[in-house]
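**Student:** Here's a sequence, model it:
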Amino acid sequence: MIPIVLFAIGLLARALAGTAFVGPAYPDSYYYVHVAERPAAGQGFTTDYVWNLDDIGGALPAAAVLPVSANAYWMPLTEVLQVPTLWLLGAGPLASGLPLWVIGAFALPSTT
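**Tutor:** Here you go, the predicted model:
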């Protein structure tokens, strides 16, 4: 019973903190949400801006085109976790935050 209560407290705390922002809270999380929205919309793991030169092989190409492949710099686990809720709930802060709130809430009972 205690792990369930701790999970509920953790989920509530994460949800309250998450609803304080109308979108991703900082540039890294914006990148994750942006990339997760693209495969959810059927556009694959791409991005329509150059986030980091590692995304395009370390140098600007002669023929610069967008979109470019995403996740050359960061691993795509966060986006993979967000895609199912984006399919179910549509694009928005709840859909992109919910899977991460749930995973973060598991931290409390896992420490007991």
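
**Student:** If we go by neighbour counts, what in the lengthiest helix in the chain is buried?
**Tutor:** Secondary structure assigned by DSSP state H gives helix 2-18 as the longest helix of the chain. Residues of helix 2-18 classed as buried: 6-7, 10-11, 14-15, 18 (neighbour count, 16 or more other CB atoms under 10 Å). All C-beta atoms are positioned from the backbone trio N, CA, C, and that covers glycine.

**Student:** now stretch 34-52
**Tutor:** Within stretch 34-52, the residues that count as buried by 16+ other CB under 10 Å are 34-40, 45-47, 51.

**Student:** tell me which helix or strand of the chain sits lowest on mean pLDDT?
**Tutor:** strand 68-69 (a mean of 81; mean pLDDT, DSSP states H and E).

**Student:** Note down every partner strand of that strand and its orientation.
**Tutor:** Strands that pair with strand 68-69, judged by DSSP bridges, come out as strand 46-47 (antiparallel).

**Student:** First-to-last residue distance for stretch 20-27?
**Tutor:** End-to-end distance for stretch 20-27, by CA to CA, to the nearest Å: 16 Å.

**Student:** hmm, who's touching it?
**Tutor:** The contact list for stretch 20-27 (CB atoms under 8 Å, 6 or more residues apart in numbering) reads 30, 32-33, 93, 96.

**Student:** Next, the contact list for Pro93, please.
**Tutor:** Pro93 makes contacts with 18-19, 21-23, as judged by CB under 8 Å, 6+ apart.

**Student:** let's see it at 7 Å
**Tutor:** 21-23 (CB atoms under 7 Å, 6 or more residues apart in numbering).

**Student:** Quick one: residues contacting Val68.
**Tutor:** Counting by CB under 7 Å, 6+ apart, Val68 touches 46-47, 50, 55-56.

**Student:** Repeat that for Leu86.
**Tutor:** So Leu86 contacts 36-37, 40, 95-96 (CB under 7 Å, 6+ apart).

**Student:** Turn the residues you listed into CSV, columns for distance to Leu66 and pLDDT.
**Tutor:** Rendered in CSV, the data for the contacts of Leu86 read as follows (distance: CB to CB, whole Å; pLDDT from 0 to 100):
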residue, distance to Leu66, pLDDT
Ala36, 18, 95
Glu37, 15, 95
Ala40, 19, 94
Ala95, 24, 92
Ser96, 22, 91
